[in-house]
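**Student:** Everything below, folded, please.
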Amino acid sequence: VEFPALLDNRRDSIAAKRHRSQSCGLSCFPCGGIATSICGDTFRMARPFLILYGSQTGNAEAIAGDLKTEAVENGLECQLLCMEDIKDRDAKFENEHLVIYVCSSTGDGDAPDNASRLFRRLRNKKHSSTHLSHMKHTVLGLGDTNYSQFCYVPQQIHKRMEELGSTCFYPPGWADDGTGLEIVVEPWKEGLWDAVRAAIADIGPANGATVSPAASGAAPDTPTTTSTSIGGASKPSVTTTNEENPGSSTGGTISDMPPMDSLRTPKLKPAFLMLTPKTADEAHASDGTTTTSPCGGDGGVVGESVASKQFRPTLLTSHAVITSADAVRRVISIDLTFSSKDCTERLLYAPGDTFALSCPNDAEEVTTVLQRLGLDDTKYTAHQIALIPDTKAKHPHIPEHIPVVATLHDLVSKCIDLRAVLPKAAVRTLAEYATVDVEKHELMYISSRQGSTKYNELLESEGLSLLSLLKTYISCDIPIARLLEVVPHIKPRRYSAASSPLAYPQGVRFVLNVVDRGLCSNWLDRLGSSVPTSPFTPEQIEAALAGPHGPQDQTPIVHVHREDNVTKFRLPDNAATPIILVATGTGLAPFLGFLQQRQMQRRAASLDERDAFGDVWVFFGCRHEQRDFLCREELEAYVNDGTVTHFHVAFSRDEGAEAKYVQDHMNMHGAALIKVLTDDAGVFYLCGNSNGVTDSVGDALTTLLVTHMGVTREEAINTKIRWKESGQYRLEHFAG
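**Tutor:** This next block holds a predicted model:
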């Protein structure tokens, strides 16, 4: 399963980090006196303000991390925490004075697993209306209007904070992943830091802060909120003003742009990185940090970055297309083999776990950028990456995804995302290196507040990537060191294990869609073409994983990292517990691991012990029986050997099919399913795409509870909520 993405050229990229703040590489400040500057004057807060995130797939966490970085760049000290970590703080949450929430909703308006505890804590009815009257807050909510409960959780957090007396110091933003999170996120951030400064100033000396009077007051032209209706859901959004021509629409042509000196652009950030060429001998002798390429066999020598240390090399040993040539989507099954050491240590997994896969940019696009910047002749020369000694940048540091020694090819191929949407600050930096006045003016305009309409137009047309802008503005000759500073890095992609370690003792299997223009899925599909027809020997596997791999090496190496299963999307500990598995398309992937695990457990059990295993219900949906019935023979084998006791498939595009959708089969067996869940304490699992499938199946389950338990719809929904909290109802969803 490939999960949804953030700022990712339409759903293929995903946030690289899914760990708690303690391990994310972002500095967290202790709870104590911290000095910083507002408008040139020093103030001291009793504690830094908080950025709290609740994230299911990594989007909210990535945005919160970006806010943390921007806060530091703006001279503000803050602490970044996952909402579930608030319980671990020495100081109570209620003692905070300023909080920024970045939170998503999952499924049918559910809180992310790492936000549910604090969400319940806020909703405690025992709290008085003045419980948080000393606090100021704002909320950036992430949702998807493909779901009926758009941004439900962050909106409820905002509502509850106000009910408890907190003051909203900056208008909330509600970003829609269905149309592009950036459309709201980017303009929402523009006025945030002025509002934070004003809010900190307003806290006053009584709460441990002394500020200059000049720091108080709201920032000018702070974005305001409006409310529009999308798909029946009220969707507040951030709007911006055209300061040059109020009330008019900017067309983006040179004739109707405001003069360049009147544009309100992000402040140009000072350069802080420098690159120095090294000889090959120097590169290999650099502190022992040279290693194999972190993204596969198409790169040269590259130094080990902080971010790459947690990723381990694996060998792609099997690749197969498992849909027909005329299927709507191409689905592949791949096997990755671990080293003998990693399979028992760093990469040890259980069915239901996810892996983050590191992938490079498209090779042709890398060549285009290198040639465009005049770097093609020196692309395989190793360079030392270091800080500029006399930089004026605040808190300069080498980003954790950048190695200390790397070739120019590796830096462009593996460290910056050529397709990612560039934030306005990055566009402003590009403008600085445009030598043609017309191009400089347009780039400045795109990055300005007045140019928000043009920015959003480019966002919709996928014209805000580095690749697109370099093609359009040919006089922009930006140094590669500056690109490393301002262009987003390539974020790993997450996929669910489609295997059991009992059957794959030294590897993992993935089943995934090859997404149109998807960076990682297409790379894996191409990489599979280099897999030899004859199997690798154990000696060949160990040798291949040991490296090193040069620039022209075609060894199919994939670097992966096993992630913590924070969603608890795993089989019950007790094999006697009956399970119901509902999937559509490649949502089947984690369930293939579940079934393989159960099969291996049954084989190891005696005949009497096998009788004690709980029933396994499988409901699977696809478009056509003859085109995309994934892993049909494998599933039928599970039925034949007794691993699966009830198997039902729906074909949504086939005429005459018994059922078009999985919920049709659920309705046919509704009484039995409700009995499994209520009388036998069975566990209901659902994995499907986010385009309404999880909504529809969730609604079908609600209807079954109403029909077969004789309860009201509200009672049925509350039952599902209790099941979710107890782990009896478990949900995973993915993009498209």
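
**Student:** my guess is residue 340 meets residue 506, correct?
**Tutor:** Yes - between residue 340 and residue 506 there is a contact at 6.7 Å, judged by CB atoms under 8 Å. Backbone N, C-alpha and C define where each C-beta goes, glycine included.

**Student:** quick one: low-confidence ranges for the stretch 401-550 of the chain?
**Tutor:** Scanning the stretch 401-550 of the chain for pLDDT under 70 picks out the ranges 550.

**Student:** re the thing from before, looking at residue 340 and residue 506, which one has more neighbours?
**Tutor:** Using other CB atoms under 10 Å as the criterion, residue 340 and residue 506 rank with residue 506 on top: 18 against 13.

**Student:** Who are the contact partners of the more buried one?
**Tutor:** By CB atoms under 8 Å, 6 or more residues apart in numbering, the contact set of residue 506 is 337-338, 340, 343.

**Student:** Quick check on those: which are buried?
**Tutor:** 337-338, 343 (16 or more other CB atoms under 10 Å).

**Student:** the helices in the stretch 301-450 of the chain, which residues?
**Tutor:** For the stretch 301-450 of the chain, applying DSSP state H, counting those that start in this stretch gives helices covering 363-372, 408-410, 424-432, 437-447.

**Student:** Check which helices and strands the first one is in contact with.
**Tutor:** Using 3 or more CB pairs under 8 Å, 6 or more residues apart in numbering; DSSP states H and E as the contact definition, the elements that helix 363-372 packs against are helix 408-410, helix 466-472.

**Student:** ok, and which of those has the densest surroundings?
**Tutor:** Of all the helices and strands packed on helix 363-372, helix 408-410 has the most neighbours on average by mean count of other CB atoms under 10 Å, namely a mean of 25.

**Student:** any chance of the helices and strands packed on helix 363-372 in CSV, with distance to residue 451 too?
**Tutor:** Shown next, in CSV, are the helices and strands packed on helix 363-372 (distance: least, CB to CB, whole Å):
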stretch, distance to residue 451
helix 408-410, 32
helix 466-472, 14
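
**Student:** Nearest to residue 427, out of those helices?
**Tutor:** Ranking these by proximity to residue 427 (CB to CB) places helix 466-472 first, at 7.2 Å.

**Student:** just how off-centre is the following helix or strand past that closest one within its chain?
**Tutor:** Counting by DSSP states H and E, the next helix or strand C-terminal to helix 466-472 is helix 480-486. Offset of helix 480-486 from its chain centre (CA atoms, centre = their mean, to the nearest Å): 22 Å.

**Student:** do stretch 725-735 as well
**Tutor:** That offset, for stretch 725-735, works out to 17 Å (CA atoms, centre = their mean).

**Student:** what is the mean pLDDT for it?
**Tutor:** If you average the pLDDT over stretch 725-735, you get 83.

**Student:** Quick one: closest of the helices and strands packed on helix 363-372 to residue 484.
**Tutor:** helix 408-410 (10.7 Å).

**Student:** which helices and strands sit right next to the closest one?
**Tutor:** Using 3+ CB pairs under 8 Å, 6+ apart: helix 408-410 touches helix 363-372.

**Student:** For the helix it packs on, list every residue counted as buried.
**Tutor:** Within helix 363-372, judged by 16+ other CB under 10 Å, the buried ones are 365-370, 372.

**Student:** in the stretch 301-450 of the chain, which spans are strands?
**Tutor:** All strands of the stretch 301-450 of the chain, identified by DSSP state E, counting those that start in this stretch, fall at 302-303, 312-321, 331-337, 354-358, 382-387, 405-407.

**Student:** Show me what counts as buried in the last one.
**Tutor:** For strand 405-407, the buried set under the neighbour-count rule, 16+ other CB under 10 Å, comprises 405-407.

**Student:** Tell me which two of the contacts of residue 506 sit farthest apart.
**Tutor:** 337 and 340 (9.9 Å).

**Student:** Now do the same contact list for residue 366.
**Tutor:** 360, 409, 412-413, 418.

**Student:** Quick one: residues in contact with stretch 478-489.
**Tutor:** By CB under 8 Å, 6+ apart, stretch 478-489 touches 7, 16, 269, 271-275, 307, 373, 375, 385, 399, 401-402, 408, 411-412, 415-417, 420-423, 425-426, 429-430, 432-433, 466.

**Student:** That concludes my questions; thank you for your assistance.
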